[in-house]
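**Student:** Sharing a model prediction with you, sequence too.
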Amino acid sequence: MKNISDVCVVIQARLNSQRVPKKMIRDFNETNLFSLVIDKVLKSEIISKENFYVSVYEKELKDIAKDKGVQIYERSYDSANNDNSLQIMYEWHDKLPFKYVIKINGCLPLLKTETIDGFIKQFLEQKEESLFGVIETKDYYFNKEGKLVTPWPKDQTIMNTKAVEITYKAAHALYASRMDLIKGDRFMGDFQGGIKLYPMNELECFDIDYEWQFKIAEKLYELDTE
């Protein structure tokens, strides 16, 4: 079992989104996405403020973090504008004094504190040193050549999602890894084994990448908090 003192939680955010400009600080049901995700971690029964960082570059994000009293890793301009190198993007990997990191996607307004805590608890208890949030599916998938990559159910002559075996898709929500794997640009490993999967509620993983998703997320959040 891992020691919680060896694990930190990091929320990394920036304001240079092209498809939904400044989505992290835009008004979202009288709050904003960045404030929402910070508040969820602060409500955790497992992680403490000493083990919690936000990695941000822009002043607007820093001001929100300061108001909430959370630790700030001063993200560089290069990190906030780089999507090609994990070592640059996650530049805190060899500076924060922890063996493990849990990274949370801040663009998931329906993600619950209980789910975050469940993920952390699972990671602490398991022997594997990586954990990845996924969504369970039962469907048929094809590669770009049109070849079916989902195993065809035995004794079936038509598509039947009840008969197809369970597969998992990335939730893009919660990630846990050894810090030192980032140095080799291999966050969580190579996905060829050793990474444990953590099934999540699909609605909690509703991600905001486009304007239409922002608007739908607001409505879903309203219903979820009624």
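**Tutor:** Arrived safely, thanks for sending.

**Student:** Now do the buried residues in the longest strand along the chain.
**Tutor:** The longest strand of the chain (DSSP state E) is strand 167-178. Across strand 167-178, burial judged by 16 or more other Cβ atoms under 10 Å covers Thr167, Ala171, His172, Ala173, Leu174, Tyr175, Ala176, Ser177, Arg178. Quick note: C-beta positions are derived from backbone N, CA and C, even for glycine.

**Student:** again with stretch 83-103
**Tutor:** Leu86, Met89, Tyr90, Glu91, Trp92, His93, Leu96, Phe98, Tyr100, Val101, Ile102, Lys103.

**Student:** So the closest residue to Tyr168 other than its chain neighbours, which state does it fall into?
**Tutor:** Spatial nearest neighbour of Tyr168, chain neighbours left out: Val134 (4.0 Å); criterion: Cβ to Cβ, 6 or more residues apart in numbering. With DSSP: H, G, I helix; E, B strand; the rest coil as the basis, Val134 sits in strand.

**Student:** and the longest strand of the chain, what other elements does it pack with?
**Tutor:** Judged by 3 or more Cβ pairs under 8 Å, 6 or more residues apart in numbering; DSSP states H and E, the packing partners of strand 167-178 are strand 100-104, helix 113-125, strand 131-137, strand 196-199.

**Student:** what lines up beside the last one in the sheet?
**Tutor:** Within its sheet, and counting by DSSP bridges, strand 196-199 is paired with strand 131-137 (parallel).

**Student:** Next, the angle strand 167-178 makes with the partner strand.
**Tutor:** 170 degrees (axes from the mean of the first three to the mean of the last three Cα atoms, to 10 degrees).

**Student:** and strand 131-137, C-alpha only, in PDB?
**Tutor:** The C-alpha trace of strand 131-137 is given here as PDB (Å, rounded to 0.1, in the frame of the first residue of the first chain):
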ATOM      1  CA  LEU A 131      -4.100   4.200 -12.600                       C
ATOM      2  CA  PHE A 132      -6.100   5.600 -15.500                       C
ATOM      3  CA  GLY A 133      -9.800   6.700 -15.500                       C
ATOM      4  CA  VAL A 134     -11.800   5.000 -18.300                       C
ATOM      5  CA  ILE A 135     -15.400   4.600 -19.500                       C
ATOM      6  CA  GLU A 136     -16.900   1.200 -19.900                       C
ATOM      7  CA  THR A 137     -18.500   0.600 -23.300                       C
END
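
**Student:** Give me the helices and strands touching the lowest-mean-pLDDT helix or strand in the chain, please.
**Tutor:** Here the helix or strand of the chain ranked lowest by mean pLDDT, DSSP states H and E is helix 86-89, holding a mean of 92. If you count contacts as 3+ Cβ pairs under 8 Å, 6+ apart, helix 86-89 packs onto helix 77-80.

**Student:** Contacts for the longest strand of the chain, please.
**Tutor:** With contacts defined as Cβ atoms under 8 Å, 6 or more residues apart in numbering, strand 167-178 is touched by 7, 99-105, 108, 111, 115-116, 119-120, 123, 129-139, 141, 150, 187-189, 197-200, 202, 204-205, 207.

**Student:** Give me the buried subset of the residues you listed.
**Tutor:** Members of those classed as buried by 16+ other Cβ under 10 Å are 7, 100-105, 108, 111, 115-116, 119-120, 123, 129-135, 187-189, 197-198, 200, 204-205, 207.
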